[in-house]
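K.L.:
Sharing a sequence plus its predicted fold:
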Amino acid sequence: MSKNDTVDRVRGPEFDLSTSIGKGDAALVIGLIGAPDADEKADGKGDSTAEPTLAIGDGVLDDAQAAAITAALTALGATGKHGEVTRLAAPESLPVDLVVAVGLGDADNLDDADQVRQAAGIVARELDGLESVATTLSSVHLAAAAEGLFLGAYRFDEFRSESSKPKKTPPQHITLLVESKSKEAKAELDRAIAVADSVAIARDFVNTPPSHLFPEEFAARARTLGSKAGLKVEILDDKELEAQGYGGIIGVGKGSSRLPRLVRLTHTGKKASKKVALVGKGITFDTGGISIKPAANMDQMTSDMGGAAAVIAATILAARLDLDVSVTATVPMAENMPSATAQRPGDVLTQYGGRTVEVLNTDAEGRLILADAIVRAAEDDPDYLIDTATLTGAQMVALGTRTPGVMGTDEFRDRVAARSADVGENAWAMPLPAELRADLKSRVADLANVTPHRWGGMLAAGIFLKEFVPEDVQWAHIDIAGPAFNTGGPWGYTTKGGTGVPVRTIAAVLEDIAANG
């Protein structure tokens, strides 16, 4: 392990359930429900006499305290608009010094867990410097509040010197106020923390720079985390990959001095009736190879292993949740570099399983390593196969930076998209037009790795991968080129850098399969 190993670090605050504010809590975080025209009021258009409403459970505040806080918030111009944060001194009768209100929008938003999750994430970034806080957001939606607060408080400062680290840190402890500390509430919280921590694991992987996360190290960290979670772990090194015919992984990785790996992680559910294969692209850095990328923004290619990070984290989560489904993640890892040993445009490689591919563009390397991994994953006879990758810039052209594209067999593709919408990651179902297959014909091999044009690039990549998926397997391919890495400012519970998308989508699909087959 490297000096800056982040495997065992604490990735978020501790949470407790309580029926009352704790003695050590410095602030009370409350949700504020806006009037029906809260958004218009905030923009100076709505009814200025409408007052927002506190979202609190029974017994947290007495009538006088609630009235005093509502009056103060109204005087400060708080509207309850979603994401609006207002700070005020707490009434003297409360055992905290500060009240922090976050807008939840109008009452209809309370039925949308992701709206609560987003608001919790926003307010979490406003709590730096407070060691411990209590919140009533848990009375609105316990799991969403916990996930949002955990992920909004996420920070990655592992490579900053002590002198350059922020002086104020996020809360280390959060009291979730509930009416009853029931077994059901405890189970809901435990699941929410497992989900959020798994997303943070994926974020950590993506945020770790390529100087410290290369194939061998990535595999070692996956082994450590997987073993700790009780997973069966297998790692193939470059010699084993070459001997067993993994031509795609070897072809992409041979240009680097840091040679490729293939990691397999397996969770076996106690009463599992279905098997799910997960495959994630693990390019630890992508220069484009001989077809080299422009220098501008190439540093963002530290995120080109976001798919691998997500499937590793999702498999660990399946074990943590003890899901009754068998899950095997097959994760190819390579670094795509230009050198005297790198593959060239025009080379032909033999993928695992025997198909040949003409490499017309070495920057279309993700599909080459995924093809090997998909064929290997299919040898386990899975009922379902999900692959995910930061695969194409065309995904961002088509869907922007926050919306993953999901392709595959129609029924399972739509099921994945629906579960993704449920958790707020909002993958969008996309087609695989049959006519694009002809554009992947090669002059000398079974197929080419790119089309001779730029039209439908995301879809053409999906069609390439489809060539390696058995016809009897329900399959979904999730392109996360934009959503895996946030290059702008934080929003909702999404911090800058690695986002952890699509860990929660995959987890929701696995839970759906465990429950419904």
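P.N.:
Sure, I can see it.
K.L.:
For I369, see how far away S291 is.
P.N.:
In this view, S291 and I369 are 16 Å apart by C-beta to C-beta, to the nearest Å. Heads up, the C-betas are built off the backbone N, CA and C, glycines and all.
K.L.:
okay, these two: which has more neighbours?
P.N.:
I369 (31 against 20; other C-beta atoms under 10 Å).
K.L.:
so what's the residue nearest to that one when sequence neighbours are not counted bridging to?
P.N.:
Of all residues not flanking I369 in the chain, P332 sits nearest, at 4.0 Å (C-beta to C-beta, 6 or more residues apart in numbering). Legend: beta-bridge partners of P332 under DSSP bridges are L262.
K.L.:
can you pull out the helices in this structure?
P.N.:
Here the chain has its helices, by DSSP state H, at 38-42, 63-75, 113-124, 142-152, 183-207, 215-228, 238-243, 247-253, 306-320, 366-378, 393-399, 410-423, 457-466, 503-516.
K.L.:
Which neighbouring elements make contact with the fifth one?
P.N.:
So that's helix 183-207. strand 14-18, helix 142-152, helix 215-228, helix 306-320, strand 497-498, helix 503-516 (3 or more C-beta pairs under 8 Å, 6 or more residues apart in numbering; DSSP states H and E).
K.L.:
Buried residues, that helix. List them.
P.N.:
The neighbour-count check on helix 183-207 (16 or more other C-beta atoms under 10 Å) flags 185, 188-189, 191-207 as buried.
K.L.:
For stretch 175-188, the averaged confidence score.
P.N.:
Averaged across stretch 175-188, pLDDT comes to 96.
K.L.:
I meant stretch 23-43, not that one.
P.N.:
Across stretch 23-43, the average pLDDT comes to 81.
K.L.:
that older thread, mind putting the helices and strands packed on helix 183-207 in TSV, mean pLDDT and distance to Y384 included?
P.N.:
TSV is the format used below for these (pLDDT from 0 to 100; distance: least, C-beta to C-beta, whole Å):
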stretch	mean pLDDT	distance to Y384
strand 14-18	97	32
helix 142-152	98	25
helix 215-228	98	21
helix 306-320	98	13
strand 497-498	98	26
helix 503-516	98	6
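K.L.:
Could you export the ones you listed as JSON lines, including mean neighbour count and distance to T362?
P.N.:
Converted to JSON lines, those look like this (neighbours: other C-beta atoms under 10 Å; distance: least, C-beta to C-beta, whole Å):
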{"stretch": "strand 14-18", "mean neighbour count": "16", "distance to T362": "46"}
{"stretch": "helix 142-152", "mean neighbour count": "27", "distance to T362": "36"}
{"stretch": "helix 215-228", "mean neighbour count": "20", "distance to T362": "17"}
{"stretch": "helix 306-320", "mean neighbour count": "29", "distance to T362": "19"}
{"stretch": "strand 497-498", "mean neighbour count": "23", "distance to T362": "25"}
{"stretch": "helix 503-516", "mean neighbour count": "23", "distance to T362": "29"}
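K.L.:
Just the terminal-to-terminal distance for stretch 201-218.
P.N.:
Using C-alpha to C-alpha, to the nearest Å, the end-to-end distance of stretch 201-218 comes to 12 Å.
K.L.:
Pull the distance from that stretch to the chain's centre.
P.N.:
Stretch 201-218 has its C-alpha centroid displaced from the chain centroid by 15 Å (C-alpha atoms, centre = their mean, to the nearest Å).
K.L.:
Most remote residue from the middle of the chain, which is it?
P.N.:
Distance to the chain centre peaks in the chain at A64, reaching 42.5 Å (criterion: C-alpha atoms, centre = their mean).
K.L.:
Could you check how far it is from T135?
P.N.:
Taking C-beta to C-beta as the measure, A64 and T135 are separated by 21 Å.
K.L.:
F218 now?
P.N.:
As judged by C-beta to C-beta, F218 and T135 stand 36 Å apart.
K.L.:
how about low-confidence regions in this protein?
P.N.:
For the chain, the stretches flagged by pLDDT under 70 are 1-6, 37-50.
K.L.:
swap the cut-off to 80 and go again
P.N.:
Scanning the chain with the threshold set as pLDDT under 80 gives 1-6, 36-50.
K.L.:
For the closest residue to I56 other than its chain neighbours, which residues are in contact?
P.N.:
Leaving out its chain neighbours, the residue that sits closest to I56 by C-beta to C-beta, 6+ apart is T136, at 4.4 Å. Applying C-beta atoms under 8 Å, 6 or more residues apart in numbering to T136 gives the contacts 28-31, 54-57, 60, 177.
K.L.:
That'll do, ta.
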